[in-house]
Structures are given as structure tokens and as C-alpha cells.
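Trainee: What would the 3D arrangement of this be:
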Amino acid sequence: MKCETTNLFLTFVLGALVLLGVIFALQTIFHSRDFRSLQVQAFMAQGNINRMNLLLNDAAEYSKTHPDLKPLLQPFEKPAAH
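Mentor: Model prediction:
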């Protein structure tokens, strides 16, 4: 009383699910690699931003005693909070 149609259908469904599992696992691996790469780039960019802010702060302190630097630093000044 075996039903070959049901057996064939369930085997097909099982094969499709295995194939989808492999595809999703590969996508997860590739996305994880991309994420790690972007995370490193973001970390490096944040480090560059921090160094530039330190340089700008040092230049602002130096410009307090040397007013001829103020025109050079004006484009980088933060607007005053209202």
C-alpha cells in the first residue's frame, strides 16, 4: 500500500529544502565576510576622524596665541549652539 507519488513528492521537497539550506548557508558566509571587511574599514575611518579632530583641536589652541591662523581654521569651526 505504498504510495509512490507521495514518496516522490516528499523526496523532492526534502531535496529542495536541503538545497535551500546550502544556499542560505553560503549567503550567510559571504555576508559575514563582507560585514567583517566593512567593520574594519569603519574602524579605520573612525580612527582617521579622531586623529583629524585632535589635529583641529590642537590647531585651535595654537591659534589662540597666533591669530594669523584663525582665517585658516574658520571653515572647520562648528556653528555656535542656539
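
Trainee: pLDDT below threshold where in the protein?
Mentor: 1, 80-82 (pLDDT under 70).

Trainee: Mind giving me the packing neighbours of the helix or strand containing residue 55?
Mentor: Using DSSP states H and E, residue 55 falls within helix 4-65. Packing partners of helix 4-65 (3 or more Cβ pairs under 8 Å, 6 or more residues apart in numbering; DSSP states H and E): helix 70-73. From N, CA and C alone the C-beta is placed, and that goes for glycine too.

Trainee: Distance from the helix it packs on to the middle of the chain?
Mentor: A distance of 34 Å separates the centroid of the chain from that of helix 70-73, by Cα atoms, centre = their mean, to the nearest Å.

Trainee: what does stretch 29-38 give?
Mentor: Chain-centre distance of stretch 29-38: 9 Å, with Cα atoms, centre = their mean.

Trainee: Three-state assignment for residue 78, please.
Mentor: Counting by DSSP: H, G, I helix; E, B strand; the rest coil, the backbone at residue 78 sits in coil.

Trainee: and the gap between it and residue 5?
Mentor: Remark: distance between residue 78 and residue 5 (Cβ to Cβ, to the nearest Å) = 73 Å.
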